[in-house]
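> this one's sequence-less:
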């Protein structure tokens, strides 16, 4: 690794400087400690430069460098086990924190048969997975079809039904029940309950599924988790790709999963029923082992060699098929196509679960984005993500996905602007009523 | 403070110059060091100190080159943090982080020859947006795929695909240049 960066590529430095940096706050004590260490090195270098014979300075090339090396401390190996959280589960930690901070509140939540209501209470009105009172009210029980187990698939054949008629996907490691579903033409959301059979996993804080899973000993990558509606693979849009514990029910976990289904619209019509297939090839559990992995001495770049081998898997193949009726009565596609300069507003889709604004921009505008939209009363509408829909002829069509506006909102305002220059490229007002 | 003034202050009054530089850039330098040395507070602080001492040592050269201090510090912090990591290796416990999970990244971080690193720098600089921004965010600012996706308003899948294709393209170009 290069030690002296004075000969770095100038063009690259210019590009690096244009990117917004990653920052971590430095508190006053930390600032003082770092400054003291740095100044101590500088002072040592200065003293060394004054005391060192001229020939030594000449050989070392620069006095400060020689002194700097001498002032280095030998650092002990770090061997302590630390309780760092899994990065991918940061949001879940927030959810758990809410729960743990107020156990009385948590106990009062309606749990039985209403996982949607539970998550709605936890996440509030503007956070994914796009739950609010309307969505919660629309959620309906998922009931197994009579012929659901009439199949050659062993995992499908292993399914059963509970007393309420819900599908129970049975595997030796855990059973997963699909309890409720809701589809407003923008999102398909499912509530699931997992009951683990391995008692050692009962105390896990979360169980989640990865996008892909690389099998041990060279087995290929394969999708670990698939949800299809009408044969179309759905894009996951929920950060809660994990199960969190059901309070006071050891070994039980629950999740709400959200998937975008806006791509199923054709000619301003949405299918009245979605034939959904659910398939998972296994889950990962955050037992205590999972907070860390042992790095065998191979160096920074080889750390991934150890990856995945210490994870606690919840193995199995959970698969089921069911139908979900859609209710698009509260979802509107507003086709207010409007071009301003090089920006074209293609459409705005608004429903109980979310709002999706589709825009086409020049592909080279990588620093151009949207301001936070506000309704006519000035209420903010939070963005959650943006995705590329298509690219052609130097133009890119983007979909910006955010929370649904508050009921009663008459319009939504937003601007398209360059983050680097603050230049406004276009401003839109979308009438909702 | 204008960068040239800061560089001059570093040369004339090192302690004051380092304090001034830290006031401007310490959160940024820490943000990078923490990515490589998660949960290693002591090492992060030593690494940060080393970075600002390096800035003092190279102030004159940076001034001559008119290199942006922010970018110079970013690359220096990244390199020093990785060096610190390597010194403290053998058996260690490292938190699971998304940015460490892509085994294909190894060759980007592990370039041992100066020629190879120079070649990569030139090739990354010559990339077109948004790939160049994605590479810079991933390998110089050490941002996660999720952070990059949010910043550039591109889906995470798209970011992963662009990184994979970009690495492959860089690898081919390096081989074509005779760099290993």
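Arrived safely. Predicted, not measured: the structure shown is a model, and the values here were computed from it.
> so where do the strands sit in chain B?
In chain B, the strands defined using DSSP state E lie at B:92-95.
> where does it have low pLDDT?
B:1, B:39, B:86-117, B:177-180 (pLDDT under 70).
> Over to the stretch 101-250 of chain A?
For the stretch 101-250 of chain A, residues meeting the criterion pLDDT under 70 lie at A:101-113, A:122-130, A:146-155, A:209-225, A:235-241.
> Helices of that one, residue ranges please.
Secondary structure of the stretch 101-250 of chain A (DSSP state H, counting those that start in this stretch): helices located at A:103-107, A:115-123, A:133-138, A:154-157.
> same check, this time on chain B
Using DSSP state H, the helices of chain B run over B:3-12, B:14-36, B:41-57, B:59-65, B:69-87, B:106-109, B:114-125, B:131-139, B:145-152, B:156-176.
> Tell me the buried residues in the second one?
Residues of helix B:14-36 classed as buried by neighbour count (16 or more other C-beta atoms under 10 Å in any protein chain shown): B:14, B:17-22, B:24-36. Every C-beta, even on glycine, is put in place using the N, C-alpha and C of the backbone.
> The last one too?
By neighbour count, and taking 16+ other C-beta under 10 Å as the criterion, the buried residues in helix B:156-176 are B:156, B:158-160, B:162-163, B:166-167, B:170, B:174.
> just checking, what packs against the longest helix along chain A?
Using DSSP H to define each element, chain A has its longest helix at helix A:28-51. Under the contact criterion of 3 or more C-beta pairs under 8 Å, 6 or more residues apart in numbering or on different chains; DSSP states H and E, helix A:28-51 touches helix A:63-71, helix B:14-36, helix B:41-57.
> one step back: which ones among the buried residues of helix B:14-36 also lie next to chain A?
Of the residues in the buried residues of helix B:14-36, proximity to chain A by C-beta under 8 Å from any C-beta of the partner chain holds for B:14, B:18-19, B:22, B:26-28, B:30-32, B:34-36.
> Tell me how many other residues surround the residue nearest to residue A:20 when sequence neighbours are not counted.
Leaving aside its chain neighbours, residue A:20 sits nearest to residue B:151 (6.6 Å; criterion: C-beta to C-beta, 6 or more residues apart in numbering or on different chains). Here the number of neighbours of residue B:151 (other C-beta atoms under 10 Å in any protein chain shown) works out to 21.
> The one 3 residues further on now?
The tally of other residues near residue B:154 (other C-beta under 10 Å) stands at 24.
> ok, now which ones touch it?
Residue B:154 sits next to A:386-388, B:130, B:134, B:148, B:162 when contact means C-beta atoms under 8 Å, 6 or more residues apart in numbering or on different chains.
> quick one: which of the residues you listed is nearest residue A:362?
Here the nearest of these to residue A:362, counting by C-beta to C-beta, is residue B:130; it sits at 11.9 Å.
> quick one: that closest one and residue B:151 touch, right?
No. Contact criterion C-beta atoms under 8 Å: residue B:130 and residue B:151 do not qualify, at 10.2 Å.
> Give the residues shared as contacts by the two.
Contact with both residue B:130 and residue B:151 is made by no residue, according to C-beta under 8 Å, 6+ apart.
> can you map out the strands along the stretch 251-400 of chain A?
A:252-260, A:273-285, A:292-295, A:312-325, A:332-334, A:338-340, A:343-350, A:355-362, A:368-370, A:374-375, A:383-392, A:395-402 (DSSP state E, counting those that start in this stretch).
> What average pLDDT does the longest one get?
Averaging pLDDT along strand A:312-325 gives 84.
> ditto for the third one
Average pLDDT, strand A:292-295: 33.
> on that earlier part again, which of the contacts of residue B:154 count as buried?
Buried members of the contacts of residue B:154, scored by 16+ other C-beta under 10 Å, are A:386-388, B:130, B:134, B:148, B:162.
> Thanks a lot, see you next time.
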